[in-house]
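Asker: Any chance you could fold what I've pasted below:
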Amino acid sequence: MSSLMGTTLIGFMVGVVGTGVGGSMAFFLRNPTKRFLSAIIGLSSGLMVAIVTFELIPEAFMISGVVGTSAGIALGAFIASYLDILITHIHKKTFNHEQGYIKTSILLGIGIALHNFPEGLAIGSGFVAQARLGVGLAVVIALHNMPEGLAMVTPMRVGGYSSTKAFLLTLLAGAPMGLGAFIGALIGEFAYSFIGICLAFAGGTMLYITFGELIPRGKDLHRGRISTVFAILGFIGGMLISKTF
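Answerer: Have a look, this model is predicted:
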């Protein structure tokens with residue numbers, strides 16, 4: 001039981017610290033220009049697409065195959081679109097232009113939380129298979145979660161959330177990794193088929209949110225090319241991170 005609790009704690013800390021480091025950018029985003037925010041959102045968009053392209057989807061392919069991965073992506077995108085409609089409907093009388101960025105953050109936070117759960121499964125299952133594998137996965141996943149925290153916190157600051165509130169919400173988005181690690185450690189090797197579907201599902205939600213929310217928001221903030229240029233730089237950076245660690 002102590003080993004199970006230890007694995008759960010590691011998964012929780014990886015999720016919270018990983019997204020939290022990216023979320024700590026909230027304390028540095030004080031009175032930024034719209035051009036700067038557009039660049040940051042563009043950078044975050046590119047990083048997110050790279051994570052899905054070079055991490056989530058290839059891993060899902062290996063575990064669940066083409067059919068399972070395609071179904072997971074489609075289902076994830078569908079659920080994200082439904083949540084988009086639901087959140088917009090609930091707040092249709094309260095969302096002004098700036099608060100529209102809050103909706104983007106809410107959707108992104110949900111996507112990150114969904115993403116963190118199967119990554120927690122991977123960590124928990126890795127520790128069951130071999131302690132060294134679990135540690136390696138934990139380090140890599142923590143590094144890859146940092147851009148997600150940045151992507152989540154930037155639209156929150158644009159929407160008017162305080163630095164502290166935005167930062168705490170990024171920590172919350174990382175918490176489901178602890179639950180995933182707990183379940184992964186319980187079911188061990190049998191978790192892998194489930195992990196593949198979950199990763200594809202998370203990838204679908206992230207793609208919908210990036211293409212439907214983040215990229216348009218970046219363009220909305222500044223009409224120039226800055227968000228596009230930084231989106232490409234973010235994609236290249238995400239690719240390098242994925243292939244380096």
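Asker: Quick check: the nearest residue to residue 54 once chain neighbours are set aside vs residue 145, distance?
Answerer: The shortest distance from residue 54 to any non-neighbouring residue, by Cβ to Cβ, 6 or more residues apart in numbering, is to residue 242 (3.9 Å). For the C-beta atoms, the positions are set from N, CA and C on the backbone; glycine is no exception. Counting by Cβ to Cβ, to the nearest Å, the separation of residue 242 from residue 145 is 13 Å.
Asker: Comparing the two, which shows the higher neighbour count?
Answerer: Taking other Cβ atoms under 10 Å, residue 242 and residue 145 do not tie; residue 145 has more neighbours (29 against 17).
Asker: Now the more buried one: closest residue in space, sequence neighbours ignored.
Answerer: Residue 145's closest residue in space is residue 18 (Cβ to Cβ, 6+ apart), at 2.8 Å.
Asker: my guess is that neighbour meets residue 150, correct?
Answerer: No - Residue 18 is beyond contact range of residue 150, at 11.0 Å (criterion: Cβ atoms under 8 Å).
Asker: Those two: who's more crowded?
Answerer: When residue 18 and residue 150 are compared for neighbours, residue 18 comes out ahead with 28 against 25, by other Cβ under 10 Å.
Asker: what sits against the more buried one?
Answerer: 141, 142, 143, 144, 145, 146, 148, 149, 174 (Cβ atoms under 8 Å, 6 or more residues apart in numbering).
Asker: Point me to the helix or strand that includes the fifth one.
Answerer: Translated: residue 145. helix 131-158 (DSSP states H and E).
Asker: I'd like the contacts of residue 18 as CSV, with pLDDT appended.
Answerer: Shown next, in CSV, are those (pLDDT from 0 to 100):
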residue, pLDDT
141, 77
142, 82
143, 75
144, 70
145, 80
146, 80
148, 78
149, 85
174, 91
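Asker: Among those, which one is most surrounded by other residues?
Answerer: Neighbour max across the contacts of residue 18 (other Cβ under 10 Å) = residue 174, 33 neighbours.
Asker: longest helix of the protein?
Answerer: Longest helix of the chain, by residue count under DSSP state H: helix 57-90.
Asker: packing partners for it?
Answerer: helix 100-129, helix 192-209 (3 or more Cβ pairs under 8 Å, 6 or more residues apart in numbering; DSSP states H and E).
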